[in-house]
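Participant: let me see the structure of the following:
(chains A and B, ligands or ions: 6)
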2 protein chains.
Amino acid sequence: GSVNTMKTNDNLMSAFAGESQANRKYLAFANKAEKEGYANVAKLFRAIAEAETIHALKHLEVAGKIGGTAENLTSAVEGEHYEFEKMYPEFLNAAEEEGNSNAVRTFKYAMEAEKVHGGLYNKAKLLVEGGKDFDMADMYLCPVCGWIGGDPLPDHCPICNALAKNFKKF
Amino acid sequence: GSVNTMKTNDNLMSAFAGESQANRKYLAFANKAEKEGYANVAKLFRAIAEAETIHALKHLEVAGKIGGTAENLTSAVEGEHYEFEKMYPEFLNAAEEEGNSNAVRTFKYAMEAEKVHGGLYNKAKLLVEGGKDFDMADMYLCPVCGWIGGDPLPDHCPICNALAKNFKKF
Ligand SMILES: [Fe+2]
Ligand SMILES: [Fe+2]
Ligand SMILES: [Fe+2]
Ligand SMILES: [Fe+2]
Ligand SMILES: [Fe+2]
Ligand SMILES: [Fe+2]
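Facilitator: Residues are numbered from 1 along each chain as shown, chains lettered A, B, ... in the order given. Ligands and ions are numbered 1, 2, ... in the order given. From the prediction side, this is the model:
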């Protein structure tokens, strides 16, 4: 922001981190409550999850972290690169050393998906910097690993091998 | 989890934190792209945001942080209490000292909403511990501050004074 409030800027981002994680937890808890037959508890988790979305987005805005779209794409490219070049390789290495095969799988799927995300964001960034919209109108998400692609689709997910019929269209 | 992989358990929660924040950022960036007329970029941000949801939920599951509903409600009550008793009072105090009025408002709204969330979760927890579902079937969310309530509704939001006609029903 334009005001020199350094401590508060850090606090806004800490609160954003807390609200973001609370939202995702409540979503997981809502799915679990639904499976266990607690329909109203599931609804409560979903309603409160959306309240945390309101808090997270407002904190991010007040922190001045929402720029123009070209700037936002630059931030997105950097975030994806950090994840697939530094964070996930380290986490994957530790999970392999510790023999946690479920963690190895979830880190590997994420790492490979972030490479694809980074490439798509970079392509969109170049187009937006040239005054154009992204040139892909239909996008497909693999619900197992987070891979994203466009037409023509492969038969199977190139990361996790899931069948294309399971992809979600956007 | 049942495996003794302490470093990996920390890494799973770090990755969960990163994925959670990436998801919320991309959602904010999608809204901005839409406002700026980049329909396909908005769609790309939304599709990738959902990929990060898949990553976040899987990391949380592998970390063993999704319990039964009674346990999840206990975790939710604790999270809300931490936010309204410790985190937001400190952040609010610093924002007031630094004269950042936008931060004061967003912290205050969140702090007051968390008190309401904590009360609702606690009520649900007692019911679920007694083998019952939550006893509120219709819930309403104030889209300005995150307040949540049931019937009969007040005319205005008790936290931010928004009109009840703007509430979102769940
Ligand atoms: Fe919140
Ligand atoms: Fe990603
Ligand atoms: Fe996949
Ligand atoms: Fe991810
Ligand atoms: Fe809350
Ligand atoms: Fe409100």
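Participant: C-alpha from now on. contacts and neighbour counts both.
Facilitator: Noted.
Participant: how is chain A divided into domains?
Facilitator: Following the assignment in automatic domain parsing, chain A carries domains at A:6-62, A:68-133, A:136-170.
Participant: out of those domains, indicate the one that is most buried.
Facilitator: Most buried of the domains of chain A by mean neighbour count (mean count of other C-alpha atoms under 10 Å in any protein chain shown) is domain A:6-62; its value is a mean of 22.
Participant: pLDDT (mean, whole number) over it?
Facilitator: For domain A:6-62, mean pLDDT rounds to 98.
Participant: between the two ends of that domain, how far is it?
Facilitator: 13 Å (C-alpha to C-alpha, to the nearest Å).
Participant: what about that domain and chain B, any contact?
Facilitator: Yes. On the criterion C-alpha under 8 Å from any C-alpha of the partner chain, domain A:6-62 is in touch with chain B at A:7-8, A:11-12, A:16-17, A:20-22, A:24-26, A:28-29, A:32-33, A:36, A:38-41, A:43-44, A:47-48, A:50-60, A:62.
Participant: now the helices for chain A?
Facilitator: A:6-35, A:39-62, A:69-82, A:88-98, A:101-129 (DSSP state H).
Participant: for those, which one sits closest to ligand 3?
Facilitator: helix A:101-129 (7.5 Å; C-alpha to the ion).
Participant: now render the helices of chain A as CSV, adding distance to B:S101.
Facilitator: What follows is these, written out as CSV (distance: least, C-alpha to C-alpha, whole Å):
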stretch, distance to B:S101
helix A:6-35, 11
helix A:39-62, 10
helix A:69-82, 25
helix A:88-98, 38
helix A:101-129, 34
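Participant: who wins for proximity to B:G130 among those helices?
Facilitator: Of all the helices of chain A, it is helix A:39-62 that lies closest to B:G130, at 13.5 Å by C-alpha to C-alpha.
Participant: those residues of chain A touching ligand 6, which are they?
Facilitator: Within chain A, no position is adjacent to ligand 6 by C-alpha under 5 Å from the ion.
Participant: which residues of chain A lie near ligand 3?
Facilitator: A:142, A:144-145, A:157, A:160.
Participant: for A:P152, give its distance to chain B.
Facilitator: Here A:P152 is placed at a distance of 17 Å from chain B (C-alpha to the nearest C-alpha, to the nearest Å).
Participant: how about A:E71?
Facilitator: 10 Å.
Participant: do the same with A:K132
Facilitator: Using C-alpha to the nearest C-alpha, one gets 8 Å for the distance from A:K132 to chain B.
Participant: show the pLDDT at that residue.
Facilitator: 98.
Participant: my read: A:A22 touches A:E52, true?
Facilitator: Yes. Using C-alpha atoms under 8 Å, A:A22 is in contact with A:E52, at 6.9 Å.
Participant: doesn't A:L141 make contact with A:K169?
Facilitator: Yes. The pair A:K169 / A:L141 is scored as a contact, 6.5 Å apart, by C-alpha under 8 Å.
Participant: next up, the contacts around A:P154.
Facilitator: A:A164 (C-alpha atoms under 8 Å, 6 or more residues apart in numbering or on different chains).
Participant: may I have the phi/psi pair for it?
Facilitator: phi -70, psi 160 (degrees, to the nearest 10).
Participant: against B:A56, how distant is it?
Facilitator: Separation of A:P154 from B:A56 (C-alpha to C-alpha): 25 Å.
Participant: please apply the same query to A:K58.
Facilitator: 21 Å.
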